[in-house]
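Peer 1: Sequence first, predicted model second:
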Amino acid sequence: MTRLEHCPAPAKLNLFLHVTGRRPDGYHLLQTAFVLVDRCDTLDFTLRDDGQVRRVTDIPGVPEDSDLVVRAARLLQEEVQRRTGTLPPGVDIALHKILPMGGGLGGGSSDAATTLMALNRLWGAGLSKQALMDLGLPLGADIPFFIFGETAFAEGVGEALQAVAVPDCWYVVIEPGVQVPTAHIFTSEYLTRNTAAVIISDFSRHYAVQSSELRQFGKNDLQQVATRLFPPVAEAVEWLGAYGDARMTGSGACVFCAFHSEEQADAVLDAFKRQAPATWKGWKAKALRKHPLAL
Ligand SMILES: C[C@](O)(CO)[C@H](O)COP(=O)(O)OP(=O)(O)OC[C@H]1O[C@@H](n2ccc(N)nc2=O)[C@H](O)[C@@H]1O
Ligand SMILES: Nc1ncnc2c1ncn2[C@@H]1O[C@H](COP(=O)(O)OP(=O)(O)OP(=O)(O)O)[C@@H](O)[C@H]1O
């Protein structure tokens, strides 16, 4: 095998996100629930015989050497060399992006997670799921979740993961035409960092009881900061909030709302096409129970 094509890198939504504290290194302690959805970036991997890792598509705003896919591939290459004494072949990576950057959909982390899972296969590296999760964490807090590969309740900085069940549903997601830099939100004076810790059974019980209503658990503590700094995020929460319990994902900017059926999601998107500002984008996606490349 010398190629792996059309490898999906799905988006995630944070169903809730509580900031419960801060570590001495400045990173924040979170509790969150991640769900995968079937809207994806796509990556192609082709082996090359000179040992180099290259990105062969242009991604405006992201130089090749700082792209998380290139950094992830090089990290895995070094790890395989350390374990086996042999450097794996190089690779050309074509990255086709549809997920917005600074959208809270975890696009960059998902691209990197797909790279680690695909190259683990293409190079026959045989690293375990946990080893890939550990390798990915320093590159991005969401990478372990994408490798974990199913709906998860997460703690720590997002790396302590437990599988959970939530109702199957469709989501409408709005991209409100702004990019929110994650660091901007976490360093804000407006951020509260003391939400009381919950336990996973509180979360599970909520969805068992609320399954007919699709009201989300808890809140997103980052939303109050992002809506203050980026007014289009507040406008998107308000617009989508007319149809259900709309909320921001991650550190923003995207806003989502859950629906039972695809028809309900389509009806909201019809209204969106008529009413929303031209700078916004809206789409629907279905919750994914498993990552398509799950190990
Ligand atoms: C907010 C989430 O999207 C929730 O899923 C993620 O935790 C963010 O993950 P990410 O975009 O991969 O963020 P990283 O690249 O790891 O961190 C970006 C910056 O955000 C801040 N940061 C991030 C995660 C965290 N738990 N505490 C933080 O304080 C740090 O200043 C860090 O330098
Ligand atoms: N392959 C990549 N795709 C997207 N962004 C990348 C990539 N590699 C590096 N980056 C950098 O990472 C930043 C964050 O991108 P990403 O798409 O992960 O944001 P996000 O969806 O807000 O993530 P999160 O939900 O984790 O906050 C980008 O602004 C970009 O500078």
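Peer 2: Looks like it arrived, so ask away. Ligands and ions are numbered 1, 2, ... in the order given.
Peer 1: can we go C-alpha only for contacts and neighbour counts from here?
Peer 2: Fine.
Peer 1: Ala294: what's it in contact with?
Peer 2: 147-149 (C-alpha atoms under 8 Å, 6 or more residues apart in numbering).
Peer 1: show me the contacts for the closest residue in space to Gly149 that isn't next to it in sequence.
Peer 2: With sequence-adjacent residues excluded and distances taken as C-alpha to C-alpha, 6 or more residues apart in numbering, Gly149 is closest to His291, at 4.7 Å. Neighbouring residues of His291 by C-alpha under 8 Å, 6+ apart: 10, 36, 146-147, 149-150.
Peer 1: Could you measure from His291 over to Gly103?
Peer 2: Per C-alpha to C-alpha, to the nearest Å, His291 is found 20 Å from Gly103.
Peer 1: swap in Ala278?
Peer 2: 17 Å.
Peer 1: pLDDT value on Phe259, please?
Peer 2: Phe259 is assigned 96 on the pLDDT scale.
Peer 1: Could I get the phi/psi values of the closest residue in space to Pro181 that isn't next to it in sequence?
Peer 2: Residue nearest to Pro181 in three dimensions, not counting chain neighbours: Gly102, with 5.6 Å by C-alpha to C-alpha, 6+ apart. Gly102 adopts backbone torsions of phi 60, psi 30, taken as degrees, to the nearest 10.
Peer 1: Burial check on Gly102, number of neighbours?
Peer 2: As a burial measure, Gly102 scores 19 neighbours (other C-alpha atoms under 10 Å).
Peer 1: List the contacts of the spatially most central residue of the chain.
Peer 2: Most central in the chain under C-alpha atoms, centre = their mean is Gly106, positioned 2.7 Å from the mean C-alpha point. For Gly106, the contacting residues are 11-12, 142, 250, by C-alpha under 8 Å, 6+ apart.
Peer 1: Among those, pick out the one closest to Val166, please.
Peer 2: Closest approach between the contacts of Gly106 and Val166, by C-alpha to C-alpha: Lys12, at 14.0 Å.
Peer 1: quick check, that closest one in a strand?
Peer 2: Yes - the assignment for Lys12 is a strand, going by DSSP: H, G, I helix; E, B strand; the rest coil.
Peer 1: Any stretches of this structure with poor pLDDT?
Peer 2: 209-213 (pLDDT under 70).
Peer 1: Which stretches in it count as strands?
Peer 2: 3-22, 28-48, 53-55, 90-96, 152-155, 160-163, 170-175, 247-248, 255-259, 281-288 (DSSP state E).
Peer 1: Around ligand 1, pick out the residues from the stretch 101-250 of the chain.
Peer 2: Residues of the stretch 101-250 of the chain lying close to ligand 1 (C-alpha under 6 Å from any ligand atom) are 104, 109, 140-142, 157, 182-183, 186, 250.
Peer 1: Which positions in the chain make contact with ligand 2?
Peer 2: So the chain meets ligand 2 at 62, 66-69, 100-109, 111, 142, 182, 250-251 (C-alpha under 6 Å from any ligand atom).
Peer 1: Can you say which of those are buried?
Peer 2: Neighbour counting by 16 or more other C-alpha atoms under 10 Å classes 67-69, 100-109, 111, 142, 182, 250-251 among the residues of the chain next to ligand 2 as buried.
Peer 1: Just the ones of the residues you listed in helices?
Peer 2: 68-69, 107-109, 111, 182 (DSSP state H).
Peer 1: Pull the most distant pair out of the residues you listed.
Peer 2: Between all members of these, the farthest pair (by C-alpha to C-alpha) comes out as Val69 and Thr182, at 18.7 Å.
Peer 1: Can you lay out the strands of the chain as a markdown table showing distance to Ala197?
Peer 2: Putting the strands of the chain into a markdown table (distance: least, C-alpha to C-alpha, whole Å) gives the following:
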| stretch | distance to Ala197 |
| --- | --- |
| strand 3-22 | 6 |
| strand 28-48 | 8 |
| strand 53-55 | 41 |
| strand 90-96 | 38 |
| strand 152-155 | 10 |
| strand 160-163 | 14 |
| strand 170-175 | 27 |
| strand 247-248 | 20 |
| strand 255-259 | 24 |
| strand 281-288 | 26 |
